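Participant: Make a model of this:
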Amino acid sequence: MSTDQKIPRFHLAFPVKELEQTLAFYRDLLGCETGRSSDKWIDFNFFGHQVVAHVSPEDAGKSASNEVDGHEVPAKHFGVILEWQDFEELADRLKQHGQEFIIEPYIRFKGEPGEQATMFLLDPSGNALEFKAFRNESQIFAT
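Facilitator: Sure thing, here's the model as predicted:
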(Lines give C-alpha, C1' and ligand atoms only; values in the text may rest on other atoms or scores of the structure.)
Protein backbone atom coordinates (compact mmCIF):
# COMPACT_ATOMS: atom_id res chain seq x y z
CA MET A 1 0.00 0.00 0.00
CA SER A 2 1.46 3.36 -0.91
CA THR A 3 1.60 6.05 1.75
CA ASP A 4 -0.85 8.28 -0.16
CA GLN A 5 -3.66 5.72 0.09
CA LYS A 6 -6.24 5.81 2.83
CA ILE A 7 -5.34 3.38 5.60
CA PRO A 8 -8.08 0.78 6.23
CA ARG A 9 -9.55 0.59 9.69
CA PHE A 10 -9.05 -2.57 11.67
CA HIS A 11 -11.58 -4.56 13.69
CA LEU A 12 -10.51 -6.35 16.84
CA ALA A 13 -12.60 -8.37 19.28
CA PHE A 14 -11.04 -9.06 22.67
CA PRO A 15 -12.12 -10.72 25.94
CA VAL A 16 -12.93 -8.81 29.12
CA LYS A 17 -13.95 -9.86 32.62
CA GLU A 18 -17.01 -7.61 32.75
CA LEU A 19 -18.44 -4.53 31.05
CA GLU A 20 -18.84 -1.80 33.70
CA GLN A 21 -15.12 -1.24 34.35
CA THR A 22 -14.36 -1.83 30.67
CA LEU A 23 -16.76 0.96 29.72
CA ALA A 24 -15.24 3.33 32.29
CA PHE A 25 -11.71 2.60 31.06
CA TYR A 26 -12.22 2.81 27.29
CA ARG A 27 -14.90 5.52 27.22
CA ASP A 28 -14.11 7.69 30.22
CA LEU A 29 -10.32 7.36 30.51
CA LEU A 30 -9.22 6.78 26.91
CA GLY A 31 -12.03 8.85 25.38
CA CYS A 32 -13.39 6.16 23.03
CA GLU A 33 -16.95 6.66 21.84
CA THR A 34 -19.28 3.70 22.18
CA GLY A 35 -21.35 2.09 19.46
CA ARG A 36 -23.67 -0.88 19.58
CA SER A 37 -23.74 -3.01 22.72
CA SER A 38 -25.52 -5.76 24.58
CA ASP A 39 -25.15 -7.27 28.03
CA LYS A 40 -22.26 -9.37 26.63
CA TRP A 41 -20.28 -6.90 24.45
CA ILE A 42 -19.59 -3.23 23.64
CA ASP A 43 -18.32 -1.66 20.40
CA PHE A 44 -15.76 1.14 20.84
CA ASN A 45 -14.39 3.67 18.39
CA PHE A 46 -10.74 3.09 19.28
CA PHE A 47 -9.01 6.04 17.61
CA GLY A 48 -10.93 5.42 14.37
CA HIS A 49 -10.88 1.63 14.59
CA GLN A 50 -13.61 -0.73 15.73
CA VAL A 51 -12.78 -2.78 18.78
CA VAL A 52 -15.31 -4.93 20.57
CA ALA A 53 -15.04 -5.97 24.20
CA HIS A 54 -16.69 -9.38 24.69
CA VAL A 55 -17.40 -10.76 28.15
CA SER A 56 -15.23 -13.87 28.51
CA PRO A 57 -13.58 -13.73 31.95
CA GLU A 58 -11.70 -17.00 31.51
CA ASP A 59 -9.87 -15.63 28.43
CA ALA A 60 -9.16 -12.05 29.53
CA GLY A 61 -5.66 -10.80 30.22
CA LYS A 62 -3.69 -13.98 29.57
CA SER A 63 -0.36 -13.35 27.84
CA ALA A 64 3.24 -14.44 27.99
CA SER A 65 5.91 -11.75 27.73
CA ASN A 66 9.18 -11.17 25.93
CA GLU A 67 12.16 -9.03 26.92
CA VAL A 68 12.49 -5.92 24.73
CA ASP A 69 14.94 -3.12 25.59
CA GLY A 70 15.12 -4.37 29.18
CA HIS A 71 11.32 -4.39 29.60
CA GLU A 72 8.93 -7.33 29.81
CA VAL A 73 6.55 -6.71 26.90
CA PRO A 74 3.30 -8.68 26.82
CA ALA A 75 3.35 -10.86 23.71
CA LYS A 76 -0.39 -10.28 23.26
CA HIS A 77 -1.23 -6.59 23.07
CA PHE A 78 -2.87 -4.02 20.82
CA GLY A 79 -2.85 -0.28 20.45
CA VAL A 80 -2.41 2.60 18.05
CA ILE A 81 0.24 4.90 16.67
CA LEU A 82 -0.64 8.47 17.62
CA GLU A 83 0.69 11.84 16.57
CA TRP A 84 3.53 12.90 18.90
CA GLN A 85 1.51 15.61 20.66
CA ASP A 86 -1.51 13.30 21.05
CA PHE A 87 0.76 10.67 22.62
CA GLU A 88 2.10 13.23 25.12
CA GLU A 89 -1.43 14.42 25.96
CA LEU A 90 -2.66 10.85 26.49
CA ALA A 91 0.36 9.99 28.65
CA ASP A 92 -0.28 13.10 30.77
CA ARG A 93 -4.00 12.29 31.12
CA LEU A 94 -3.25 8.70 32.15
CA LYS A 95 -0.71 9.88 34.75
CA GLN A 96 -3.15 12.48 36.11
CA HIS A 97 -5.74 9.73 36.60
CA GLY A 98 -3.23 7.54 38.44
CA GLN A 99 -3.07 4.90 35.71
CA GLU A 100 -0.42 2.28 36.39
CA PHE A 101 1.87 1.39 33.51
CA ILE A 102 3.52 -1.91 32.63
CA ILE A 103 6.11 0.26 30.87
CA GLU A 104 6.15 3.98 31.67
CA PRO A 105 6.20 6.34 28.67
CA TYR A 106 9.73 6.57 27.25
CA ILE A 107 11.63 7.16 23.99
CA ARG A 108 13.08 4.22 22.03
CA PHE A 109 15.78 4.56 19.38
CA LYS A 110 16.48 8.17 20.38
CA GLY A 111 18.24 9.96 17.52
CA GLU A 112 18.09 6.82 15.35
CA PRO A 113 15.82 5.70 12.50
CA GLY A 114 12.42 4.80 13.93
CA GLU A 115 12.70 7.04 17.03
CA GLN A 116 9.46 6.54 18.92
CA ALA A 117 7.65 7.22 22.15
CA THR A 118 5.94 4.18 23.66
CA MET A 119 4.00 3.13 26.76
CA PHE A 120 2.22 -0.03 27.87
CA LEU A 121 -0.69 -0.38 30.28
CA LEU A 122 -3.37 -2.87 31.22
CA ASP A 123 -7.11 -2.39 30.96
CA PRO A 124 -9.22 -3.50 33.97
CA SER A 125 -9.39 -7.06 32.56
CA GLY A 126 -5.62 -7.34 32.23
CA ASN A 127 -5.48 -6.84 28.45
CA ALA A 128 -2.26 -5.08 27.44
CA LEU A 129 -2.34 -1.94 25.32
CA GLU A 130 0.57 -0.16 23.67
CA PHE A 131 0.44 3.44 22.54
CA LYS A 132 3.25 4.86 20.49
CA ALA A 133 4.21 7.85 18.37
CA PHE A 134 7.01 8.29 15.86
CA ARG A 135 9.10 11.42 15.68
CA ASN A 136 8.96 10.98 11.89
CA GLU A 137 6.02 8.90 10.66
CA SER A 138 7.84 8.07 7.43
CA GLN A 139 10.11 5.89 9.60
CA ILE A 140 7.39 3.66 11.07
CA PHE A 141 8.84 0.69 9.21
CA ALA A 142 12.47 1.86 9.22
CA THR A 143 15.15 -0.72 9.95
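
Participant: State the mean pLDDT of stretch 80-98.
Facilitator: On average, the pLDDT along stretch 80-98 is 97.

Participant: low pLDDT regions in this protein?
Facilitator: Counting by pLDDT under 70, the chain has low-confidence residues at 1-4.

Participant: tell me the centre residue of it?
Facilitator: Of all residues in the chain, the one closest to the mean position by CA atoms, centre = their mean is residue 79, 2.7 Å from it.

Participant: you'd agree that residue is in a strand?
Facilitator: Yes - counting by DSSP: H, G, I helix; E, B strand; the rest coil, residue 79 is part of a strand.

Participant: Please name the nearest non-neighbouring residue to it.
Facilitator: residue 130 (3.8 Å; CB to CB, 6 or more residues apart in numbering). (C-beta placed from N, C-alpha, C; glycine too.)
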